[in-house]
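In: Quick one: sequence plus predicted model below, questions after.
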Amino acid sequence: MEVMEDGNLMDKVNILIQRDMEYYKDKQSVLQETVCPGIIGGHLDFPRSASFAAIKLVFWWEDEYEAAYRKPSGFLQKHLENKIEHVETTGGCGGIVKASDPLKFITALSKSANQLLEHLHVLTQEALDHADLTVLTGVPYYNAFNNIPIKLFSLGTIGAAALLKNCLWFYIQILNETKGPSIQPIQTGYKKYHEMCEALAERLLDLHCRLLSLYILQDADCLDWENQKPFFESERGSYIIQMWWLYMQGTKEDLWNTVPPKMAQRVFSGMLNESLTILTVRYTQSCPSEARTELLLVDVSNVLFCVAQMLPSICDSAEELSNSVLNGKSKTLRDIHVKCQELYACFLLRGAPLDSLFKIFKNNTESIAVLKPKLAGPVPWITFALPNIFKMNETSLIQTSDQDYGRTLGIELMVLLAQPQPKWALLLKILCSNNFKILNLLLNEFMQRNVELKKVIPKSVDCGNLLCPADGSCRNVDATSKTLNSFHYYELIMSASFIFLHVGNDEEIKEFFIDVITKPADWAKCFERRQVWNQIRFPWYEALINLATPILALVGETVINALRTGATMYQAMSLIVACFSQYWDILDTSLLRAASLFQEIIPSEITPISDSVLMQILVSSLYTYFITNSEDKKVTFQMSKQNSLESVSNQGPESVANVALAAAESLCSIDEDNKHTDQIEEFLNQVNGRKDEHSSFANLGSESLNAKKSKIIEIVASDLLMSNHGKRSLKLLYHFIKHNTEWLYWKLGISGKNYPDTPNKVLSSSEPLLNKMFYIGYYPFDQLLTKQLKPNWQNLLQTSMGLTLEKVWMQLSCRWEFRNSTSPKLSNHAVEIVNKLSSILKQEKS
């Protein structure tokens, strides 16, 4: 699509809207561009794609901001880097000068935002009139595993509205920090875009709810409860439950791939809640004949199993999934649990044999378990619907604290892997729970393939999508091979080590990390001073070196600039130690603690630089920094103002490489012949004397991180995400867990399979369509019919459920035995039980 790039912003916006509408009328779709995968979701819920018009407007807004404030805003990170580089190379000269000021910027921003908002409203209405869902989401929308796009509703505008809403929010934040004209017009525009996003989400939810209620959940034959013939000769359950399961799975997959993550969760939770309302009323109030009673029980059990598989997608924690916290935050989630509990009570009271019911209700009312208030812990329905986690023969399901750690971690994993985007705090919580049980499992498994490799430093390449920071954070795992290779294991060991070093306290690092990595006989050779030059290292040692990253650029650039302006190599080495002394307090405290722990255990035959593990790590990391920059001829260093432009132009990138290489070679002998000995000792004494003074959330240990009602885990996760190494470590571990989940479930004792998977998959295979159609998790549909599900009714009726006698009688009175107590199909014994139960319950009610 061709648009005008020069001229007044409002003129450009008018032409952009005109071109966008012409494109829609011609193609019956909206031209889209994808957003960088590393930006999607997050606190602001960035969309997965946005319209070309919205993206173009974002770039134009940024140009207007730069013209008004003479600096980039920072919203487009790569754009910011390019501008800084341009200013450095040109001295701020060159390009077209725009006459603008803050007031003009705010006015132009608010007017253009309002214009595009009106355009989005028009597009949405057009799509609604033509029932075109692809316009709203921006991509072809597929229903429940069919390969034909559904032309139902307009969704392409969601991404555009969400992107512009976030952009306006960003400008509000930065303009609030500066003195200038009122930003009320921008705040008004932000509010309008926020309202539009909410309205579009409501429209989308309403569409799916109408489809569910009018088409998916309707079938005359399945709902004919008074029919005296069994449905489908008692060979299967209702069609509608299976179709509902299929539709919900397919819609979830589509929402996860098209709509902003948080919005997708809200829509899906609303669909689940509304459809459960219909199902709960239908089954709890139905009065089936004897022939159709089994169908009701099969359907209700299928519904409960289905909901248990879908519910993790809209939960944030294991507590929300099991409803062990009685006062949950989400009203929708509470409603879903209440409805499932109603269905479960219906299943128990309609399905339990008369003998079992009589044994329970003949006792005093106060001793009847189902009438007692539900205690804190998993709700009974979830313990029934997740038999692989809550074993059917277990009765101690009341207190959460009674569950073993495998069960708790299994529920947390279900929640984590069902999300539309990774929840990093939850991942870190899982890795650190129960004294690093999961992380320890992973590290022990990875260390079986421990190898020494030269770390390949990937270049930071722009993925080509909008808002890409070009720092490599959006780079995916290498999937050229189907199974994990030595490079994958190298990165995984490095990632697990980085998390251990950052989070674990001294005792945990010794027990769960050092004890594992020191099993090979030659583990300590990397601390030998003669190995500084060796770039082929253990991955766990590379993780140690990564902790020194914050100091490298400062020291490296200072030394390079000194050497290029005439400093001797002796002075350069002295300057390095001086920089260590000056900047050591910005080092990750995890490095100081880990170096101290390794200092205590290195063998006597190993001699680090200056007999210090910390110096060995710092010098090794700086050596790698110099070597890397000497190999990259394109690297240039920022020159201070004291350095003349003449000296820079006379010394190009080749000289930078030569200087960096010479500095790296001299590092190997930085402490030989007692050179700089006093200076190094002074630095080490400075560190040893004050290393425990740092106040940080690092190295708190697993117990502190997982304390109840603590926000520390979120702070530590954010801290990790602020560094490229921490972000990459979490991403790699998440990817491994996601695609090798069954192996972890097997290790935790909650897998539904009879054999363990090999944990070597790069990408897990997609679930076959037949499995999606006829299986709910590990188990097939209609288990009650096939006798694979054999409820222990006596045990199930011993669970505290908080029922009242009115609710009990309402369900029992709908059983065919109570409605037709004179039927010849009932034995004398059954008639006697029915009469006694009726008498007991009616008497207690009165």
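Out: Here it is on my side, so go on.

In: after the lowest-mean-pLDDT helix or strand in the chain, next one along is what?
Out: Lowest by mean pLDDT, DSSP states H and E among the helices and strands of the chain is helix 645-650, with a mean of 32. Using DSSP states H and E, the helix or strand that follows helix 645-650 towards the C-terminus is helix 653-667.

In: tell me what that next one is packed against?
Out: Other helices and strands packing on helix 653-667, by 3 or more CB pairs under 8 Å, 6 or more residues apart in numbering; DSSP states H and E, are helix 549-564, helix 569-583, helix 613-631. Where C-beta positions appear, they are placed from N, C-alpha and C, glycine not excepted.

In: most packed of these?
Out: Per residue and on average, the most neighbours among these fall to helix 613-631, with a mean of 23 (mean count of other CB atoms under 10 Å).

In: quick one on the thing from earlier: relative to residue 511, which of the helices and strands packed on helix 653-667 is closest?
Out: Comparison of those against residue 511 by CB to CB identifies helix 613-631 as nearest, at 19.2 Å.

In: correct me, but residue 290 touches residue 816?
Out: Yes - look at residue 290 against residue 816 with CB atoms under 8 Å: they come within range, at 4.6 Å.

In: intersection of neighbour lists for the two?
Out: residue 823 (CB atoms under 8 Å, 6 or more residues apart in numbering).

In: So which of these two has more stuff around it?
Out: For residue 290 against residue 816, the residue with the higher neighbour count under other CB atoms under 10 Å is residue 816, and the figures read 19 against 16.

In: and the gap between the spatially most central residue of the chain and residue 240?
Out: Compute the mean C-alpha point of the chain, and by CA atoms, centre = their mean the closest residue is residue 422, 0.9 Å away. When CB to CB, to the nearest Å is applied, the distance between residue 422 and residue 240 equals 34 Å.

In: ok, the nearest residue to residue 540 once chain neighbours are set aside to residue 409 distance?
Out: What sits nearest to residue 540 in space, not counting adjacent residues and going by CB to CB, 6 or more residues apart in numbering, is residue 497, at 4.1 Å. If you measure residue 497 against residue 409 using CB to CB, the figure is 21 Å.

In: cool, residue 478 as well?
Out: 28 Å.

In: can you check residue 247 too?
Out: Applying CB to CB, the value for residue 247 to residue 409 is 31 Å.

In: Compare these two and say which one has the larger neighbour count.
Out: Applying other CB under 10 Å to residue 247 and residue 409 shows that residue 409 carries more neighbours, namely 24 against 21.

In: what helix or strand is that one on?
Out: Residue-wise, residue 409 maps onto helix 405-418 under DSSP H and E.

In: list the buried ones in that helix?
Out: Using 16 or more other CB atoms under 10 Å as the test for burial, helix 405-418 gives 406-418.

In: same thing with stretch 349-357?
Out: 349, 350, 351, 352, 354, 356, 357.

In: remind me which residues of this protein are low pLDDT?
Out: Scanning the chain with the threshold set as pLDDT under 70 gives 1-4, 78-99, 129-155, 324-329, 392-404, 457-460, 632-654, 690-699, 707-710, 844-846.

In: Tell me how it divides into domains.
Out: Annotated domains of the chain cover 9-201, 217-418+789-845, 548-699 [automatic domain parsing].

In: Could you save those as TSV and add columns showing distance to residue 484?
Out: Formatted as TSV, the entries for the domains of the chain read as follows, by distance: least, CB to CB, whole Å:
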stretch	distance to residue 484
domain 9-201	21
domain 217-418+789-845	19
domain 548-699	25
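
In: Just to check, residue 758 is in contact with residue 743?
Out: Yes - between residue 758 and residue 743 there is a contact at 7.2 Å, judged by CB under 8 Å.

In: and the two? which has more neighbours close in?
Out: With neighbours defined as other CB under 10 Å, residue 758 and residue 743 compare such that residue 743 has more, 20 against 10.

In: Spatially nearest residue to residue 463, not counting backbone neighbours?
Out: Using CB to CB, 6+ apart, the closest residue to residue 463 is residue 474 (5.1 Å).

In: what separates that neighbour from residue 728, distance-wise?
Out: Between residue 474 and residue 728 the distance is 11 Å, computed by CB to CB.

In: for residue 50, same thing?
Out: Here the criterion is CB to CB. By it, residue 50 lies 26 Å from residue 728.

In: Residue 777 - how many residues pack around it?
Out: 16.

In: What of residue 507?
Out: Residues near residue 507, counting by other CB under 10 Å, number 11.

In: oh, and call the first residue 20 from now on, that's how I've got it
Out: Got it, the first residue is 20 from now on, which makes the last one we talked about residue 526.

In: Could you pull up the residues touching the residue nearest to it when sequence neighbours are not counted?
Out: Nearest in space to residue 526, with sequence neighbours left out and distances taken as CB to CB, 6+ apart, is residue 720 at 7.7 Å. When contacts are counted by CB under 8 Å, 6+ apart, residue 720 is found next to 522, 523, 524, 526, 527.

In: A strand includes residue 79, no?
Out: No - according to DSSP: H, G, I helix; E, B strand; the rest coil, the state of residue 79 is helix, so it is not within a strand.

In: okay but it is in contact with residue 28, surely?
Out: Yes - using CB under 8 Å, residue 79 makes contact with residue 28 at a distance of 5.9 Å.

In: out of these two, which sits in the busier spot?
Out: Taking other CB under 10 Å, residue 79 and residue 28 do not tie; residue 28 has more neighbours (22 against 19).

In: Tell me which residues touch residue 440, please.
Out: Per CB under 8 Å, 6+ apart, neighbours of residue 440: 59, 60, 61, 280.

In: got TSV for those, with neighbour count and secondary structure too?
Out: As requested, the contacts of residue 440 are exported to TSV (neighbours: other CB atoms under 10 Å; DSSP: H, G, I helix; E, B strand; the rest coil):
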residue	neighbour count	secondary structure
59	20	coil
60	22	strand
61	13	coil
280	20	helix
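
In: what's the most distant pair in these?
Out: Considering CB to CB, no two members of the contacts of residue 440 lie farther apart than 61 and 280, which are separated by 8.5 Å.

In: What is the strand or helix carrying residue 229 packed up against?
Out: Assigning secondary structure by DSSP H and E places residue 229 in helix 203-230. Applying 3+ CB pairs under 8 Å, 6+ apart, one finds that helix 203-230 contacts helix 121-149, helix 175-195, helix 280-304.
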